[in-house]
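Trainee: Got a predicted structure plus its sequence, pasted below:
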Amino acid sequence: MSKYKLIINPFAEQDILDARDWYNEQKENLGNELIQEIKQTVSSIKDNPLKFPEIKKGIRRAIVSRFPYSIFFTLNAPIVNVFALFHTSRNPKVWTMREPKKG
């Protein structure tokens with residue numbers, strides 16, 4: 001059992017649903033395959049968030065297998081807060097606007 005509690009904020013949930021829908025439009029069930037890869041990545045984050053690199057002070061990134069997406073999260077033990085799923089070709093300034101505010 002994980003010692004961390006994982007929270008996926010509503011913006012990240014919508015990112016996931018939008019990506020799933022887009023991939024399902026491209027090829028039947030491809031979006032569902034993306035969801036499975038995201039679930040595996042999120043499970044790995046929950047099990048050991050410290051194994052993922054800190055790309056900016058307090059912000060960590062996990063790369064989703066098979067798909068060009070990254071999951072961005074913060075760790076304030078025991079809470080892991082997933083705040084974005086972003087396509088790797090998007091402008092990084094977009095996800096930084098979603099960073100949870102400190103304090």
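Mentor: Good, I have the coordinates. In this text, all values refer to a predicted model and were calculated from it rather than measured experimentally. Numbering: from 1, shown residues only.

Trainee: what about the helices in this protein?
Mentor: Secondary structure of the chain (DSSP state H): helices at 10-26, 30-47, 92-96.

Trainee: which intervals of the protein have sub-threshold pLDDT?
Mentor: 1, 91-99, 101-103 (pLDDT under 70).

Trainee: Just give me the residue right at the centre of it.
Mentor: Ile71 (2.4 Å; Cα atoms, centre = their mean).

Trainee: what's near enough to touch the closest residue to that residue other than its chain neighbours?
Mentor: Counting by Cβ to Cβ, 6 or more residues apart in numbering, Ala62 is the residue found nearest to Ile71 once chain neighbours are left out, at 4.6 Å. Placement of C-beta: from N, CA and C, glycine included. Counting by Cβ atoms under 8 Å, 6 or more residues apart in numbering, Ala62 touches Thr41, Ser44, Ile45, Phe52, Ser70, Ile71, Phe73.

Trainee: Are any of those residues buried, and if so which?
Mentor: Thr41, Ile45, Phe52, Ser70, Ile71, Phe73 (16 or more other Cβ atoms under 10 Å).
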